[in-house]
Every structure is written in C-alpha cells, then in structure tokens.
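K.L.:
Attaching a predicted model along with its sequence, questions to come.
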Amino acid sequence: MATDPTSARRKLAHIHLGVDGGAEKFFVRLSRALARRGVEQIAFIRYDRPWRDELAEHCEVHELKFSRSHFKRHFVRWGIARVIRNFGSKATLGWMSPASKWMPKPGPDMRTFLRLGDFPDGFHTYGNVEGLIGNTPEIIRQAVEDGWRADRAHMISNFVDPLPESLQPVHRADFNTPEDATVLIALGRFVERKRFDLLIKALAKLPETVHAWLIGDGELLDENRRLAATLGVEARTHFLGWQRDPSPFLLAADILVCPTDDEPLGNVVLEGWNAGLPVVATASPGPSWLIEHGETGLLSPCGDAGALAGNIQSVFANAASGEKLRKNGHVYQQEQHSEGAICDFYAKLLGLELDRNA
C-alpha cells in the first residue's frame, strides 16, 4: 500500500547515537516542539540515556546496542532503514557526526540531514548525508571550507523552552552559598575547551562575596577541584554535578558565565538570557556571534582571566549596566531564537507539514 503523501509529510525519523551533553537537550526540545505541531516521530538512541523517558512521552523510541564487528554494523544500519521505511517517514534527521554511520540512503523517497552543534571533523562517514544543518554560521563556514558543498549546508540556530511561571529557584543555603553572595553560574562538561579553570582563576581575582556554581561533570572535574583549593577559593567554588534541569539553579544565580575557548554556539548563553540573567562570556565563535558586546552581554578575550574578572565585576558593581544587559539579552533571545521560528525553519528544509493551529 502506498504511503499517504500528507501523512508522510507529518512524520520524521531521528538518529541520535552519541553521548550526553547540550546537543541531547536540544534534540529532546526540538522533537517535543515538533510533536506539539502534529509531527509524528521515531527515534533511534543508545540504551540507558537519562532522557529516554522524557523523549518517549512524544516520540516512538528504539534503543540500540552495537557490535564492534564492522560487518554486523551494516545489519544495524539496514535494520534502522527498514524500520524507518515501515514507519513511513520521508525524512531522517541525524544528530552529530556519530549518527552519520547509521543514516539510510537518500533518494526520491528519503531526505537525509545531519544536524551539527559542533565543528565537523571530516566527512568520511557522511556518505548517506544529503545535507548538513549547523546551528551557527561558523559551523557552516568551516564545513564548506573543508570541502562540503555550500548548497547542501544550512544554518538553523537553537531555541530554549520558556521557563514555567511556577518554577522556583533552588535555595542557596542548600549549597553552602550565602543569600547575599553574588552567584556566578557556568554549565557544561569538564573538558579542556570549556575552560572552567578560567572561571576559577577569575573568581580568585574577585571579592570574597562572589561565589561560583559549576554545573556539570567530566574528566577534568578533580583537576578543577584541586585548582580551586590551590587558589584559595575552594569555599567559594561549588561543584554541583550534572543536573538534568539546571533551570532552578539559573533562577537562583546572578550572572551567567561562559568561559570557553572554543564554542560553536553556546547554548548556555541562550539559557542564561532565558532565565533573565546578564551574560559574561569569552569571545569564542558562538558567543561572539550571539552577543553584542555592551548591549546583550560582555565579551573578553579567550584565556584572559583578568579581563573575564573585570567584566564580571562591572556587571555586579554597576546595577544599571547589569540591568541593561539582562533586559536586552532576554529580549533578543525571545525575538531571534523562539520555538516557533526555529520549528518553521526545520519544517521547510525537511519538507514537514506543521499544524498551524497548535
């Protein structure tokens, strides 16, 4: 029986076979937003993802395990393609480079796109990828510079969910933080390029009333703990671990800090604006694209702890300046990175038909 064309335009397959991080949050967020607009979806993910149940609320989920055998990997890919074909989707969206290995072949009845939230590291596994979607212009620029065809590269940015009006901030006392402290908050994995160490070094240059909440986990966590102790700011540096929903922490903080050396987008910048926080960041590609210095946030050179500390201090030392950054950033996020606009961009590119009454 032939697939109803209208029905097919309301179906989308996802392949997400990577690790946890910022891209995973946006994957769940976008699929949920598309579901609200009438798109039926199926997703292939790894076993035991912490967001599996959240995804399953609006999406049919298939959990996969893998063999090291190159030959058996072909059967996994063929099996994915068969399930997608039976599901009736005419479009497949892969998430990050690992998904490229498992994409079905593109053709008249299947469009395939790979969404990147980071810079590509080569295209040797991209044989079944029809088009790339990058969430910043810099990702697309680098992909084209590395040899990807410009007419098959597309830029669609991110959005963040509005915070529920009923959402309450965490209690600072529960995290050994004084109520009258100025609280900096940073989110991400403890890996080299995220530069949590830079924030700790900046904290050491700031008054004793300033504390830092570091949310995340990763290989350099213990190294950063030792750095905080060495610099004498151990009592003011709070390692809060990985949080599935950092929103209550954002609401309890005063300034969002993004100290990274290499960030294609900086979704945390959007999350900070969404929570109504002023944002201070280093001038890596993503934050530099998002932030208008002095208007929607403050930028300092990457790796410069003194300049980062100076920008942080200028925010809490000048209430009017901090309020301007907070207000402008929030307005920009609402106008340029809304759920509706981003969903429309994806629908047009992937050939989806959305419910306009949702």
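P.N.:
Thanks, I have it. Numbering: from 1, shown residues only.

K.L.:
For Leu251, report the pLDDT, please.
P.N.:
Note on Leu251: pLDDT of 97.

K.L.:
okay, now the domains of this protein?
P.N.:
The chain breaks down by automatic domain parsing into domains covering 5-159+338-350, 172-336.

K.L.:
Can you add mean neighbour count and distance to Glu165 and give those back as TSV?
P.N.:
No exception for glycine: its C-beta is placed from N, CA and C like everyone else's. Listed next are those as TSV, based on neighbours: other CB atoms under 10 Å; distance: least, CB to CB, whole Å:
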stretch	mean neighbour count	distance to Glu165
domain 5-159+338-350	18	17
domain 172-336	19	11
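
K.L.:
Just give me the lowest mean pLDDT stretch among those domains.
P.N.:
domain 5-159+338-350 (a mean of 89).

K.L.:
That domain: how far from the chain's middle?
P.N.:
15 Å (CA atoms, centre = their mean, to the nearest Å).

K.L.:
Show the residue spans covered by the helices in the protein.
P.N.:
For the chain, applying DSSP state H gives helices covering 5-8, 22-36, 52-56, 70-87, 137-145, 196-203, 221-230, 247-252, 267-274, 285-290, 305-317, 319-336, 339-350.

K.L.:
Export the ones you listed as CSV, with columns for distance to Met155.
P.N.:
Compiled in CSV, the helices of the chain are given as follows (distance: least, CB to CB, whole Å):
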stretch, distance to Met155
helix 5-8, 26
helix 22-36, 15
helix 52-56, 25
helix 70-87, 26
helix 137-145, 5
helix 196-203, 28
helix 221-230, 33
helix 247-252, 26
helix 267-274, 15
helix 285-290, 10
helix 305-317, 28
helix 319-336, 13
helix 339-350, 9
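
K.L.:
Which among those is found nearest to Phe159?
P.N.:
Nearest of the helices of the chain to Phe159, taken as CB to CB: helix 339-350 at 4.6 Å.

K.L.:
ok and that closest one relative to helix 22-36, angle-wise?
P.N.:
Per axes from the mean of the first three to the mean of the last three CA atoms, to 10 degrees, the angle that helix 339-350 makes with helix 22-36 is 90 degrees.

K.L.:
I'd assumed Ala228 was in contact with Glu234.
P.N.:
Yes - assessed by CB atoms under 8 Å, Glu234 is found in contact with Ala228 at 4.7 Å.

K.L.:
shared neighbours of the two, anything?
P.N.:
Overlap of the contact sets of Glu234 and Ala228 (by CB atoms under 8 Å, 6 or more residues apart in numbering) is empty.
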